[in-house]
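# Generate coordinates for the sequence data below:
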Amino acid sequence: MPKILKFTQNLDYYLKLIDTRTANGDLLGALDASRRALEHTRTRADRESINILIGQIYFEMGLYQLSCEHFFRAVRIGETRGAAFFGIGRNLVKMHEPKLALEYFEATLNTDSTEDFSGAVLEWAHEIKEQLKGTPQPSIIAVAKNLVKMRKFSQAIMMLESVNPRTAEVQCLLADIMVLTEKYDSAREILFEVLRNEPNSIEANLVLCSLCYAVHDFPNLETVLQKVEGCPLDLGQLVFVGNMYANMSQYEKAISYYERALKLDEYNIKILLFLAISNYNINNQQEALYYIGQARWVDIENATLNIYYDIFARELVPPPLAVVTRVPPKIAENKLKSVFGAIDNGAFCDSFNRSLLFADDVEWCFVGHERLDLGKLANALTRCRKKKAVKLYNKLMLSVRLNREQKFYLTKAVILNESVKVIDLTANFRYRSFRAKIPSAFAKNSTLKAGYASAISYAELHGMNVNFEKIAEKLIKNRNFPTFPPDFDEKVLACLFFCENTQILNQACIYFGVDNNVVVRAINEFQLLI
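Next comes the predicted model:
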């Protein structure tokens with residue numbers, strides 16, 4: 001048999017290919033060429049320069065979170081730090097985080113970069129000023145939705161019920177929360193009241209769909225879905241209706257809604273995944289592979305997409321599959337065993353650093369299971385030497401897509417275990433490192449120690465500048481220290497550290513689910529504002 005010569009290209013070839021495809025508007029092709037270019041880099045500077053290019057391509061695609069992930073990787077070295085900060089700043093402007101964007105632009109100008117970003121920063125600063133002019137105060141609706149995301153339903157309900165007069169939007173959100181908390185009769189009363197006045201309200205009808213689905217009233221669910229069929233729907237509403245049809249196994253109708261949604265957001269991974277699953281469920285395997293392939297082109301590192309691609313390509317699981325971003329139970333179980341087995345036998349650190357497959361398993365565990373035992377993971381960090389622990393923690397924060405709550409709990413856990421003294425919060429849109437040191441006077445009081453760690457984690461992950469040392473000193477000097485009344489738990493103590501700013505204090509009370517009056521009493525008792 002004749003030998004087949006491998007046709008390989010050098011880095012310059014792929015860089016030219018990236019330029020050509022970008023100029024032709026082929027962003028997915030440019031992304032593919034960029035990943036190939038990464039494989040041919042030999043120096044760290046070359047690698048991070050390619051990450052800058054990938055970040056710029058994602059920016060052009062409107063995928064600002066993914067763009068930031070690649071810019072964050074390029075922050076570590078001086079040659080690309082200025083471009084990385086600038087890229088993150090642009091993304092933050094598009095993500096409507098103008099104040100934080102200004103910090104990154106300021107950092108861009110303070111780096112010793114060979115490029116001059118001053119003109120570009122001035123252009124973006126103008127857009128930031130426009131955003132800040134029209135920045136409204138968070139509405140009750142926005143705050144309530146945020147509480148729902150944190151699953152603090154009772155607080156959201158109390159907030160919405162206090163609104164007077166209640167608009168249809170408030171009523172619909174209140175009904176939606178009632179459905180989530182299985183108070184179906186209350187939800188029905190609210191919705192019928194709204195629909196009496198506005199029978200064609202899209203929001204009310206869609207919440208009614210949620211109610212019908214929750215109580216398994218499928219005939220009425222189909223009737224309501226037909227009612228909204230001819231109405232103009234936004235992106236989220238199109239996906240919602242598609243999911244409703246998919247959950248009733250009407251996949252052709254689901255596909256028609258997903259396709260409409262995809263026209264509004266052509267690189268949306270979730271929509272591409274739902275299209276793939278729906279096509280697979282009607283035995284249209286080629287289309288399923290096409291859509292899951294498109295999604296993987298957008299985000300090749302996404303563990304969920306890679307697992308579904310294997311399912312569709314190898315026919316591991318016969319249809320039908322539900323439209324949910326979950327792997328079959330057996331695969332999920334194996335992944336959990338892999339990760340927590342490594343934690344138990346002390347091999348987690350080495351496995352995470354050496355194996356990409358293991359890193360995928362770790363990411364899957366976080367994505368698929370919101371309530372993981374993060375204390376176990378933090379204990380795995382304590383088994384590492386200090387330098388290794390810091391490196392692993394930073395890598396987890398950068399490379400695994402944790403949600404805000406998971407970042408909060410993991411950061412808190414490592415602070416309490418005292419394995420990580422310096423926290424690099426680049427992955428959380430902060431470019432400064434933060435020295436997390438618990439005062440020695442707190443060390444013997446577990447409640448105070450946990451409260452302090454909670455306060456640090458909350459402030460850093462929400463981008464707040466708080467003088468913890470000052471409040472800690474006042475607590476230590478107080479004659480009542482370290483004795484606390486029974487209702488002064490860890491959450492109340494965490495809130496104490498935000499006492500100097502009323503707005504931040506109120507936000508912290510909502511986040512930790514603490515009665516504001518209890519915190520005020522604690523502030524007075526420890527004389528923290530004197």
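# Can you list the residue ranges for helices in the stretch 251-400 of the chain?
Per DSSP state H, counting those that start in this stretch, the stretch 251-400 of the chain carries helices over the ranges 251-264, 269-281, 285-298, 303-314, 329-344, 348-354, 356-368, 374-382, 386-399.
# Return the most buried member of those helices.
Highest mean neighbour count among the helices of the stretch 251-400 of the chain (mean count of other C-beta atoms under 10 Å): helix 269-281, with a mean of 24. C-beta here means a position set from N, CA and C on the backbone, and glycine is covered the same way.
# Show me what it is in contact with.
Contacts of helix 269-281 with the rest of the structure, by C-beta atoms under 8 Å, 6 or more residues apart in numbering, involve 239, 242-243, 246, 249, 251, 254-255, 258-259, 261-262, 265, 285, 287-292, 294-295, 298-299, 302, 304-305, 308, 312, 319-323, 325.
# about what we covered before: list just the one of the helices of the stretch 251-400 of the chain that sits closest to residue 49.
Among the helices of the stretch 251-400 of the chain, helix 386-399 comes nearest to residue 49, with 17.8 Å by C-beta to C-beta.
# Quick check: what element follows the closest one along the chain?
Moving toward the C-terminus from helix 386-399, the next helix or strand (DSSP states H and E) is helix 404-417.
# hey, C-alpha coordinates of that next one in CSV?
Presented in CSV, the C-alpha positions along helix 404-417 are these (Å, rounded to 0.1, in the frame of the first residue of the first chain):
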residue,chain,number,x,y,z
ARG,A,404,-23.4,32.9,39.7
GLU,A,405,-24.8,30.9,42.6
GLN,A,406,-22.2,28.1,42.0
LYS,A,407,-19.4,30.7,41.8
PHE,A,408,-20.7,32.2,45.1
TYR,A,409,-20.8,28.9,47.0
LEU,A,410,-17.4,27.6,45.6
THR,A,411,-15.7,30.8,46.5
LYS,A,412,-17.2,30.8,49.9
ALA,A,413,-16.2,27.1,50.4
VAL,A,414,-12.5,27.7,49.5
ILE,A,415,-12.3,30.8,51.7
LEU,A,416,-13.6,28.8,54.6
ASN,A,417,-11.2,26.0,53.9
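# Now do the same for that helix: mean pLDDT, whole number.
Averaging pLDDT along helix 404-417 gives 78.
# other SSEs contacting it?
The elements that helix 404-417 packs onto, with contact taken as 3 or more C-beta pairs under 8 Å, 6 or more residues apart in numbering; DSSP states H and E, are helix 374-382, helix 386-399, strand 422-424, helix 446-461.
# switch the cut-off to 6 Å
Packing partners of helix 404-417 (3 or more C-beta pairs under 6 Å, 6 or more residues apart in numbering; DSSP states H and E): helix 374-382, helix 446-461.
# can you redo these as TSV with mean pLDDT?
Putting the helices and strands packed on helix 404-417 into TSV (pLDDT from 0 to 100) gives the following:
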stretch	mean pLDDT
helix 374-382	70
helix 446-461	85
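# could those go into TSV alongside distance to residue 14?
Listed next are these as TSV, based on distance: least, C-beta to C-beta, whole Å:
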stretch	distance to residue 14
helix 374-382	37
helix 446-461	37
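# so which of these gets nearest residue 409?
For residue 409, the closest of the helices and strands packed on helix 404-417 is helix 374-382, at 4.7 Å, according to C-beta to C-beta.
# Tell me how confident the model is about stretch 473-492, as a mean pLDDT.
Per-residue scores along stretch 473-492 average to 79.
# sorry, back to before: tell me which of the helices and strands packed on helix 404-417 lies nearest to residue 199.
Smallest distance to residue 199 across the helices and strands packed on helix 404-417 (C-beta to C-beta): 43.8 Å, for helix 446-461.
# what packs against the closest one?
Secondary-structure packing of helix 446-461 (3+ C-beta pairs under 6 Å, 6+ apart): helix 404-417, helix 490-496.
# CA atoms only for it - export them in CSV, please.
Taking Å, rounded to 0.1, in the frame of the first residue of the first chain, the C-alpha atoms of helix 446-461 are listed here in CSV:
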residue,chain,number,x,y,z
SER,A,446,-17.8,29.1,62.8
THR,A,447,-20.9,31.3,62.4
LEU,A,448,-19.0,34.5,62.1
LYS,A,449,-16.4,32.9,59.9
ALA,A,450,-19.1,31.6,57.5
GLY,A,451,-20.8,35.0,57.5
TYR,A,452,-17.6,36.8,56.6
ALA,A,453,-16.9,34.3,53.8
SER,A,454,-20.5,34.8,52.5
ALA,A,455,-20.1,38.6,52.5
ILE,A,456,-16.8,38.5,50.7
SER,A,457,-18.1,36.1,48.0
TYR,A,458,-21.3,38.1,47.5
ALA,A,459,-19.5,41.4,47.2
GLU,A,460,-16.8,40.2,44.8
LEU,A,461,-19.2,38.2,42.5
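# State the distance from the residue sitting nearest the centre point of the chain to residue 150.
For the chain, residue 403 is the residue whose C-alpha lies nearest the centre (C-alpha atoms, centre = their mean; 4.0 Å). Distance of residue 403 to residue 150, computed by C-beta to C-beta, to the nearest Å: 10 Å.
# if I look at the residue nearest to the centre of the chain, how far off is residue 516?
Relative to residue 516, residue 403 is positioned 26 Å away (C-beta to C-beta).
# Check residue 480 too.
21 Å.
# do residue 361 as well
Distance check for residue 361 against residue 516: by C-beta to C-beta, it reads 42 Å.
# Would you mind finding the most buried of the helices and strands packed on helix 446-461?
It is helix 490-496: most buried of those by mean count of other C-beta under 10 Å, with a mean of 23.
# Now do the buried residues in the helix or strand that that one is followed by.
Downstream of helix 490-496, the first helix or strand assigned by DSSP H and E is helix 502-512. For helix 502-512, burial by neighbour count (16 or more other C-beta atoms under 10 Å) applies to 504-505, 507-512.
# again with stretch 191-200
191, 194-195.
# Same list (the residues you listed) but as TSV, adding pLDDT.
Shown next, in TSV, are those (pLDDT from 0 to 100):
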residue	pLDDT
191	92
194	92
195	91
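# from those residues, which single one is nearest residue 132?
residue 194 (35.0 Å).
# okay, whichever strand or helix holds the closest one in PDB with CA atoms only?
Residue 194 is located in helix 184-197, with elements delineated by DSSP H and E. Output of helix 184-197 as PDB, limited to C-alpha atoms (Å, rounded to 0.1, in the frame of the first residue of the first chain):
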ATOM      1  CA  TYR A 184     -52.800  26.500  40.600                       C
ATOM      2  CA  ASP A 185     -56.200  27.900  41.800                       C
ATOM      3  CA  SER A 186     -54.600  31.200  42.700                       C
ATOM      4  CA  ALA A 187     -52.900  31.300  39.300                       C
ATOM      5  CA  ARG A 188     -56.100  30.600  37.500                       C
ATOM      6  CA  GLU A 189     -58.000  33.300  39.400                       C
ATOM      7  CA  ILE A 190     -55.400  35.900  38.500                       C
ATOM      8  CA  LEU A 191     -55.200  34.900  34.800                       C
ATOM      9  CA  PHE A 192     -58.900  34.900  34.300                       C
ATOM     10  CA  GLU A 193     -59.100  38.400  35.800                       C
ATOM     11  CA  VAL A 194     -56.500  39.600  33.300                       C
ATOM     12  CA  LEU A 195     -58.100  37.800  30.400                       C
ATOM     13  CA  ARG A 196     -61.500  39.300  31.200                       C
ATOM     14  CA  ASN A 197     -60.100  42.700  30.500                       C
END
